[in-house]
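**Student:** The sequence and its predicted three-dimensional model are supplied below.
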Amino acid sequence: MEYGEEPSIKRFLMLPDDLVFNCLARVSRLHYPTLSLVSKKFRFLLASKELYQTRILLGGTESCLYVCVRLHTDSEQLHWFIIYQGPNSSKKVLVPISSPNFTSAALPGFVVVGHEIYAIGGGSENKNASINATGSKTYNALSSVMVMDSRSHTWREAPSMRVARVFPSACTLDGRIYVTGGCENLNSMNWMEIFDTKTQTWEFLQIPSEEVCKGSEYLSISYQRTVYVGSREKDVTYKMHKGKWRGADICLNHGWSLDPSSCCVIENVFYRCSLGDVRWYDLKKREWAALKGLEGLPTFTNYYRNFKSADHCGKLAISWEEYVLVDDETKIWCAEIAIQKRQNGEIWGTLEWFDNVFISSGPNRHVDLLVNALTATVWG
């Protein structure tokens, strides 16, 4: 036992292992970050396979909302948190969990497959290179892939991509991860590659037209049981149809944000969040419609930025930053919206909660704090 442990904790840890696991398995996973601070023994138990085998035997599922940020003091290190609400408080806060031991000035592409969160590619700043003609920095692209197991909050390396990619776009469909763009000299062979999470192998997806891959920056999303890819340079969106790429609805393209992490799909409906409002795509009318019924949600002003959205158990989870000029600090806010489809075809939302979950102050406040928000579901 560690020095200073409470007698009640000592007595608990003296119980047979199967009884300890049975008790811990009945505690919400949201409390695990706090419990891991109790002692090294608790951290070992919470990360053990035996605990998750016990949870599976007890049945049930649990979904957690994860937030990735870059702190002003270290803008190249990615830090991971889980949204947590204390047992005796209604306030929600970000609680730190383990983060991968690597830096990435250029952001990876992020996707969730089951209980695993993938961070794909990215890049380190090329400090020996001069600023290019557009005033942008240059980066050394990465092909590496890091994976977090949300059951234990541990990280591992997955097989690297065949091509190093900086600021790649990624989405997932049927257990396969589609990664697009993120490198120069794209062609019909290397424009997109696919990772099979079952076989843990990469393969290129060849496309018939060089016209589709004229660019380097793309955004992608899984929608309507297929993959949509938007080109930032060409302002056009393609969708995969029966193994071929073709132009998507022009109205869908015009409403798609440049930041794919501000978009999400919930029960086959496309949502996006930006400065001003939350919208959903009406397939029948072929137009973006405002999500009605959001009384209580603050009005998004020019001080709000960097919106993220995620499907959280069929509800719309939104995260954003607010820069407070008077206090010279940046706040991260999160909100959860219940979705209701009405008989007339309209979709309404009901605000369930919103809260300031994180505050940061200090130098480099021009750096966006909020990198991404994702939901991982754990069976058991």
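**Tutor:** Nice, I can see it.

**Student:** ranges for the strands of the stretch 201-350 of the chain?
**Tutor:** 201-204, 218-223, 226-231, 236-241, 244-247, 263-266, 269-274, 277-282, 287-290, 304-312, 315-324, 329-341, 347-361 (DSSP state E, counting those that start in this stretch).

**Student:** For the helix or strand bottoming out on mean pLDDT in the chain, list the C-alpha coordinates in CSV.
**Tutor:** The helix or strand of the chain with the poorest confidence is helix 250-254; it has a mean of 74 (mean pLDDT, DSSP states H and E). Only the C-alpha atoms of helix 250-254 are listed here, as CSV (Å, rounded to 0.1, in the frame of the first residue of the first chain):
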residue,chain,number,x,y,z
ILE,A,250,-24.1,21.8,-55.0
CYS,A,251,-26.2,23.0,-52.1
LEU,A,252,-24.6,20.6,-49.8
ASN,A,253,-21.2,21.8,-50.9
HIS,A,254,-22.0,25.5,-50.3
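
**Student:** For the nearest residue to Pro260 once chain neighbours are set aside, grab the count of nearby residues.
**Tutor:** Distances taken as Cβ to Cβ, 6 or more residues apart in numbering put Leu219 closest to Pro260, at 3.9 Å, once the chain neighbours are dropped. Where you see a C-beta, it was placed from the backbone N, CA and C, and this is true even at glycine. Neighbour count of Leu219, defined by other Cβ atoms under 10 Å: 24.

**Student:** try Leu19
**Tutor:** Residues lying near Leu19 (other Cβ under 10 Å) number 10.

**Student:** that's a helix at it, yeah?
**Tutor:** Yes. Residue state for Leu19 (DSSP: H, G, I helix; E, B strand; the rest coil) corresponds to a helix.

**Student:** Give me the secondary structure label for Phe12.
**Tutor:** Of the three states, Phe12 takes helix under three-state DSSP.

**Student:** Tell me which residues touch it, please.
**Tutor:** The contact partners of Phe12, taken as Cβ atoms under 8 Å, 6 or more residues apart in numbering, are Val20, Cys23.

**Student:** got it, and the one 5 residues further on?
**Tutor:** Applying Cβ under 8 Å, 6+ apart, one finds that Asp17 lies in contact with Glu50.

**Student:** With Ser361 instead?
**Tutor:** Shown in contact with Ser361 (Cβ under 8 Å, 6+ apart): His72, Asp327, Asp328, Glu329, Thr330.

**Student:** Check Asn306 too.
**Tutor:** Residues in contact with Asn306 (Cβ under 8 Å, 6+ apart) are Asp259, Trp320, Glu321, Asp368, Leu369, Leu370.

**Student:** Identify all residues paired with Arg305 through a beta bridge.
**Tutor:** Note on Arg305: beta-bridge partners Glu321, judged by DSSP bridges.

**Student:** Please report the distance of it from Ile266.
**Tutor:** 23 Å (Cβ to Cβ, to the nearest Å).

**Student:** of these two, who's got more company?
**Tutor:** Ile266 (20 against 17).

**Student:** wait, doesn't Ala105 sit right on Gln77?
**Tutor:** No. Using Cβ atoms under 8 Å, Ala105 makes no contact with Gln77, being 9.8 Å away.

**Student:** before we move on, the earlier item: check the contacts of Ser361 and tell me the two furthest apart.
**Tutor:** Within those, His72 and Asp327 form the most distant pair, 13.8 Å apart (Cβ to Cβ).

**Student:** And the pLDDT for Trp320?
**Tutor:** You'll see Trp320 listed with a pLDDT of 92.

**Student:** got a list of what it touches?
**Tutor:** By Cβ under 8 Å, 6+ apart, the contact set of Trp320 is Cys273, Phe300, Tyr304, Arg305, Asn306, Phe307, Lys308, Ile332, Trp333, Leu370.

**Student:** how far away is it from Thr237?
**Tutor:** Distance, Trp320 to Thr237, using Cβ to Cβ: 24 Å.

**Student:** and if you look at Asp328?
**Tutor:** According to Cβ to Cβ, Asp328 stands 39 Å off from Thr237.

**Student:** between these two, who's got more neighbours?
**Tutor:** Counted by other Cβ under 10 Å, Asp328 and Thr237 do not tie: Thr237 has more neighbours, with 21 against 10.

**Student:** Can you tell me how far the more buried one is from Gly59?
**Tutor:** Taken as Cβ to Cβ, the span from Thr237 to Gly59 is 41 Å.

**Student:** again with Leu71
**Tutor:** Separation of Leu71 from Gly59 (Cβ to Cβ) stands at 38 Å.
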